[in-house]
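Student: take this sequence and fold it.
(chains A, B and C)
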Amino acid sequence: MLIRAVVGLVGFVALWSAAIPLFGVPNHVLPSPWQVAQQLIFLFERGNLLSHIQVTLMQIVWGFLIGLVLGIIAAIIFARIPFLERVSTPLILLLQTAPKIAIAPLLLLWLGLGAAPKIVLVAIVTFFPVMTAMLSGVKYINRSYIDLAKVLKLNPWQRFWHIEFPAAIPTVFAGATVATTLAMTAVVIGELMGANKGIGFLLATGQEDADTATVIAMVILLSVIGWAFYAALDYMRARMEARYS
Amino acid sequence: MIKLSGVEKIFGDGENAVVALAPVDVEIEQGAFITIVGPSGCGKSTLLRLIAELDSVSGGTIELGTTNKKRPVGFVFQDAVLLPWKTVAENIRFPLDTSGVPRSISDPKVEILIDLISLNGFENALPKQLSGGMRQRAAIARALADDPPILLMDEPFSAVDLMTRETLNDELLKIWQQTGKTILLVTHSIEEAAYLGTRVMVMSARPGRLRKTFDVDIPMPRSEDTKRDQKYLDLVHELRTMMREQGH
Amino acid sequence: MIPKIRAIGEYGLALALMLLAWWYASGPLAVPPYLLPSPQSVGTTLWSMLQDGELLPHLLFTVQNILIGLLVGTLVGVALAYLFYKTPKLADVVEGPLVILQTAPKIALAPLVIIWFGLGVTAKIILIFSLVFFPVFAGGLAGFRNIDSRMHDLAQLLQLRRSQRFFSIDLPAALPGIFVGVKIGAVQALVGAILAEWMSGSLGLGYLMTFAAATYKTPILFGAVLLTSLLGIFLHALLNAVETLILSWNIPDA
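Tutor: Numbers count the residues shown, from 1 in each chain, chains lettered A, B, ... in the order given. Below is the predicted model of the structure:
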């Protein structure tokens, strides 16, 4: 699969390079791959690109971790106190259905242009799939495990820590893997809507200057980060599943 | 008359070639009820798929001996394969709809078929609302819809419970007598093969081949009493002994 | 019917609770209005904008772009998925890069689309289209590839023509997969529409947000956020209704 992806990618770049002279596409509309690469190197050396990347990564990682932990905690609370889950289900479904991006302008209003609104936005979009996954993992656990807990006369907390929680972990990872793409989208939206640092900020300024090379370079950079982020979580998920089965 | 001459099927080629079906020669008279029994991997389903032209033969010829009908065979799969988005009536009508038969002709036909398979009252039900046995009845009706002279059935009752299976067996015999179709039915139940067939073909595995054919000398219509008939019991015994010899 | 009424009641209660919390924060808690305007002020602002005819053009612009983008994206996504399904060789070559694109934040294309297609409606629809296309394509391809092989046998037995086969077997069988994609695509479409309007142009709910944010008209900002959320919920409910209507055969009876 990876080899095919690489071959396909090389083919794509070759086509891109060939198309420019062939159709006489002007530079400012579509720069060649070579020019994009040059722009990337230029931004690294002169444009402090590394610090922008750091800012974006920091926002993703913190937001993701906060969303992950809060999602798991919320699911634990709901699983232990079914009454609370029943009461808050409509509210959660409502919030889940509403487009999370709509809240981005409010976060910018409340928290300014720095890292905070992006971290909160990433945490929010991560929270929901993780919580839902964890909750369904606990709820739809194999009945025999519950029977086992009863036979062993485990108390509710023992049952949770030794049986329900570990059983739900693969599902949580599946939810977290889904959340990676949402988190990437959230950070990009946050940075496009208002920022003074980060890859999305460079993307927005690139658009204002109609600097296609920078824009394309940043899109590629974000794609690579998004893919690596997803692949890392997917790898962990696969490892978890392999350990269990 | 269906005539198979040297029909064989080989999957793969060179060193990886697997003989799924060694050459088979057989003639089947019109209106016969042929049951085909054998262990897994004996090529019984392959044989059916070749006759239906779902797979192509590696060698030999198949003559169906039918007039140049567009669809000479009806086929019943192991688990119904009804289109889940169509109602029972729509599923049965599907072969007619797709060959451009107008509703004024197809609707009465469907009504008759629903009667035949006793699904009255379920015309507008979706497949998910039916039991396994009912789904299989609908599948039989669909196979009969555009009146093919030959009906091929690939382990049609293996997914339904035993009680339902016996009822369906009797109903199938009734349908066969009413319609005069030539039926080829694959099963791995020896009792079913003996009970239904006018002729039983026994196949064996590795490589898949036709081992022996038995003519069943038990009069129609058959019923519960048939199962106490000495001829039936002898046949079942003989078939079972033969299958045992193959190591199954 | 009773559970339905109860669900509506529960949602109503949830909404009322949120409204109450909002009112409490802006009233008794006295959060400054430039950070949190009161529900009443947002309500009156929205109402007067509606009466002046200022609101509707923005709302309709966003809705129109989403619907067009969703429709075209779905059609092209399904068509291409079918093409890929029918030509495995093509899939072999192009699927590798597509897998990588799958995880890329497609929303990052917004600036590029604006540079290429300008500040008008074209750029917005193209962006929405490209966001809708991917999930529908992926869902459709999975749907087509998961078709029970015996359904193909059936099509062959009945010697169906190409079009008969597509419309009576392949398409309905892939519909659940396609629908998964359309639902994801609809969320993406809304995100794309709002972001594109935020970044360029002078129409739409997204534009209303950035205009209000820049001029410190917080009640308008809140109103636009509220409408966007409602639009998202409405779109979700609409697709659910369509799903129960055309995919009831696929939903197991309880």
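
Student: which outside residues touch stretch A:166-180?
Tutor: Stretch A:166-180 has contacts (C-beta atoms under 8 Å, 6 or more residues apart in numbering or on different chains) with A:64, A:67-68, A:71-72, A:75, A:125-126, A:129-134, A:136-138, A:141-142, A:145, A:226, A:229-230, A:233-234, A:236-237, A:240-241, A:244, C:103. Backbone N, C-alpha and C define where each C-beta goes, glycine included.

Student: whoops, stretch B:201-210 was the one
Tutor: B:19-22, B:24, B:26, B:34-44, B:46-47, B:211-214, B:239, B:242-243, B:246.

Student: and residue A:236, how many residues sit next to it?
Tutor: By other C-beta atoms under 10 Å in any protein chain shown, 13 other residues sit near residue A:236.

Student: strands - which of the contacts of stretch A:166-180 land there?
Tutor: The strands, defined by DSSP state E, take in nothing from the contacts of stretch A:166-180.

Student: the residues you listed in helices, which ones?
Tutor: Among those, DSSP state H puts A:64, A:67-68, A:71-72, A:75, A:125-126, A:129-134, A:136-138, A:145, A:226, A:229-230, A:233-234, A:236-237, A:240-241, A:244, C:103 in helices.

Student: buried subset of those?
Tutor: By neighbour count, with 16 or more other C-beta atoms under 10 Å in any protein chain shown, the ones in helices among the contacts of stretch A:166-180 hold A:64, A:67-68, A:71-72, A:75, A:125-126, A:129-134, A:136-138, A:226, A:229-230, A:233-234, A:237, A:240, C:103 as buried.

Student: stretch B:145-161 and chain C, any residue contact?
Tutor: No - applying C-beta under 8 Å from any C-beta of the partner chain, one finds stretch B:145-161 separated from chain C by no less than 8.5 Å.

Student: circling back: what's the ChimeraX line that selects buried ones from the contacts of stretch B:201-210?
Tutor: Under the burial definition 16+ other C-beta under 10 Å, those of the contacts of stretch B:201-210 that qualify are selected in ChimeraX by:
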select /B:19,20,21,22,24,34,35,36,37,38,39,41,42,43,44,46,47,214,239,242,243
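
Student: how about the residues of chain B by chain C?
Tutor: B:49, B:52-54, B:70-71, B:73, B:75, B:77, B:81, B:83-86, B:94-95, B:97-99, B:126-129.

Student: can you tell me which of the residues you listed end up in strands?
Tutor: Per DSSP E, the residues of chain B next to chain C map to strands at B:73, B:75.

Student: so of the residues of chain B next to chain C, which ones are in helices?
Tutor: Going by DSSP H, the helices hold B:49, B:94-95, B:97 from the residues of chain B next to chain C.

Student: so what does the lengthiest helix in chain C touch, helix or strand wise?
Tutor: Longest helix in chain C, counting residues (DSSP H): helix C:55-86. In terms of contacts (3 or more C-beta pairs under 8 Å, 6 or more residues apart in numbering or on different chains; DSSP states H and E), helix C:55-86 is packed against helix C:39-52, helix C:88-103, helix C:121-145, helix C:171-199, helix C:205-214, helix C:218-246.

Student: closest one to chain B among those?
Tutor: Smallest distance to chain B across the helices and strands packed on helix C:55-86 (C-beta to the nearest C-beta): 4.7 Å, for helix C:171-199.

Student: just give me the neighbour total for residue C:235.
Tutor: By other C-beta under 10 Å, neighbour count at residue C:235 equals 21.
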